[in-house]
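Chemist: For reference, the sequence and a predicted model appear below.
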Amino acid sequence: MRFHFIQFIPILSVLCLQVNSEKLDFVNFAEDTVEMFWIDDEEHLVAQMEPYEHMEVDTEEGHSFYYILKGNRYEVEVTEDTEVHVMGTDTVKVVCSTSTGDMHISVKPHWSPFGAARFLQLIEMGYYNGCALNRVVKGFLTQFGISSDFDLRTEYRESTIRDDEDFGIEFHPGFMSFAGSGENSRTAEVFVVMPDTPLEQLAYFGDENPWETPFGFVEPESLETVGTWYEYGDMPPWGKGPDPQKIYESDGYEYLKEEFPEMSYIDKCNIVAWINEDEPGEVAPDGEDEVDEPGEKSEDGDDDEEEEEEL
């Protein structure tokens, strides 16, 4: 899959995913509100998009749109090959404090736009604050995303998002994806690939379940924290860990405290920085330098640098 940029200006970029559709999706990953306009003989305001908001419009080949980000104007002409436009930054930095230490996350909007946007929206509303790390399985994954707030977990239990296009980004230890149960089934539960996951299991992620597309990764220095979360094992019927159906009930967190007292938890998640790949060395607000993301696998199995974007 090749990335085609309608326009490139330092700091901000537009990504078009090449699939045929009569609908056009815009996803805003900027830290600011974006005004979107449709152009014919005149300019028409379509919407004001808040950060991490997703907008779908009915359109056709030849239509033109533009939007303004940080004083820069981006024009988008619709072709038969364009479906999704990612607006804003290349990487969003997140820090989640947990029972055993901080987890630093790099969210990559271009990998899975709908998944990345949902994750960041949930962080902004505090959905994951106090969330149990309820499915910890060494050599496999840690799954979480059943909110400690009963109203929120009830609302988002059935609030699904569309699947993202699969760009062939292979899973590595620390990679994050939404869990699901079928096509277009992703809601709020995500998983982190454990540090000691064997190669055969890494190859399984996203292969058997096509809705599993990575939206980011835990940075290497935080993998030690991931490995220290308390393990009760897999959920029934594969193990004796917590039953997610019981966690979704109104007394779900009382159930966890009574039957799984050593459970690890996320204390709080915050968005801390917006990083742009064309500005190497930018320092996040917490003072840590940006880390390089793991590369994709080449056909011969070696790690390659990501393909250079086509201007």
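Modeler: Here it is on my side, so go on. Numbers count the residues shown, from 1 in each chain.
Chemist: Let me know how buried Thr59 is, in neighbour terms.
Modeler: The local packing count at Thr59 equals 17, with neighbours defined by other C-beta atoms under 10 Å. Any C-beta I mention is one placed from the backbone N, CA and C, and that applies to glycine too.
Chemist: Hmm, I typed the wrong one, I wanted Asp102.
Modeler: Counted by other C-beta under 10 Å, the residues lying close to Asp102 total 14.
Chemist: And for the one 3 residues further on?
Modeler: The criterion is other C-beta under 10 Å. On that basis, Ile105 has 26 neighbouring residues.
Chemist: Leaving out chain neighbours, which residue sits closest to it?
Modeler: Distances taken as C-beta to C-beta, 6 or more residues apart in numbering put Val94 closest to Ile105, at 4.2 Å, once the chain neighbours are dropped.
Chemist: Repeat that for Tyr156.
Modeler: Here the nearest residue to Tyr156 in space, its sequence neighbours aside, is Ala188; by C-beta to C-beta, 6+ apart that works out to 4.3 Å.
Chemist: just checking, the one you found touches Glu158?
Modeler: No - Ala188 is not in contact with Glu158 according to C-beta atoms under 8 Å; the separation is 10.2 Å.
Chemist: Those two: who's more crowded?
Modeler: It is Ala188, of Ala188 and Glu158, that has more neighbours when counted by other C-beta under 10 Å, with 25 against 7.
Chemist: Model confidence score at the more buried one, please.
Modeler: Per-residue confidence (pLDDT) for Ala188: 98.
Chemist: ok but it is inside a helix, no?
Modeler: No - when DSSP: H, G, I helix; E, B strand; the rest coil is applied, Ala188 is found to be coil, with no helix at that position.
Chemist: Can you give me every residue that contacts it?
Modeler: Going by C-beta atoms under 8 Å, 6 or more residues apart in numbering, Ala188 touches 118, 122, 127, 145-147, 153, 156-157, 159.
Chemist: how about a cut-off of 10 Å?
Modeler: Taking C-beta atoms under 10 Å, 6 or more residues apart in numbering as the criterion, Ala188 is in contact with 118-119, 121-122, 127-128, 131, 144-147, 152-153, 155-157, 159-161, 178-179.
Chemist: what's the distance between it and Asn270?
Modeler: 17 Å (C-beta to C-beta, to the nearest Å).
Chemist: what do you get for Asp243?
Modeler: Computed as C-beta to C-beta, the Asp243 to Asn270 distance reads 30 Å.
Chemist: where in the stretch 101-250 of the chain is pLDDT low?
Modeler: Low-confidence segments of the stretch 101-250 of the chain (pLDDT under 70): none present.
Chemist: List the buried residues for the strand or helix carrying Phe26?
Modeler: Here Phe26 sits within strand 23-29, counting by DSSP states H and E. Buried positions in strand 23-29, judged by neighbour count with 16 or more other C-beta atoms under 10 Å: 24-29.
Chemist: Please name every helix or strand in contact with whichever helix or strand comes after that strand.
Modeler: Next helix or strand after strand 23-29 toward the C-terminus (DSSP H and E): strand 34-39. Based on contacts counted as 3 or more C-beta pairs under 10 Å, 6 or more residues apart in numbering; DSSP states H and E, the elements that strand 34-39 packs against are strand 23-29, strand 43-49, strand 54-58, strand 64-69, strand 72-77, strand 82-88.
Chemist: which stretch in those has the least confidence?
Modeler: The stretch with the lowest mean pLDDT among the helices and strands packed on strand 34-39 is strand 82-88, which comes in at a mean of 84.
Chemist: ok, it: who's next to it in the sheet?
Modeler: When sheet partners are counted by DSSP bridges, strand 82-88 sits next to strand 12-18 (antiparallel), strand 23-29 (parallel).
Chemist: Restricting to C-alpha, output the last one in PDB.
Modeler: Going back to what we said before, that points to strand 23-29. Presented in PDB, the C-alpha positions along strand 23-29 are these (Å, rounded to 0.1, in the frame of the first residue of the first chain):
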ATOM      1  CA  LYS A  23     -17.800   8.300   0.900                       C
ATOM      2  CA  LEU A  24     -15.000  10.400   2.300                       C
ATOM      3  CA  ASP A  25     -13.900  10.300   5.900                       C
ATOM      4  CA  PHE A  26     -11.900  13.000   7.700                       C
ATOM      5  CA  VAL A  27     -10.200  12.300  11.000                       C
ATOM      6  CA  ASN A  28      -8.800  15.200  13.000                       C
ATOM      7  CA  PHE A  29      -5.600  14.400  15.000                       C
END
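Chemist: Tell me how far it lies from the chain's centre.
Modeler: Centre-to-centre, strand 23-29 and its host chain are 15 Å apart (C-alpha atoms, centre = their mean, to the nearest Å).
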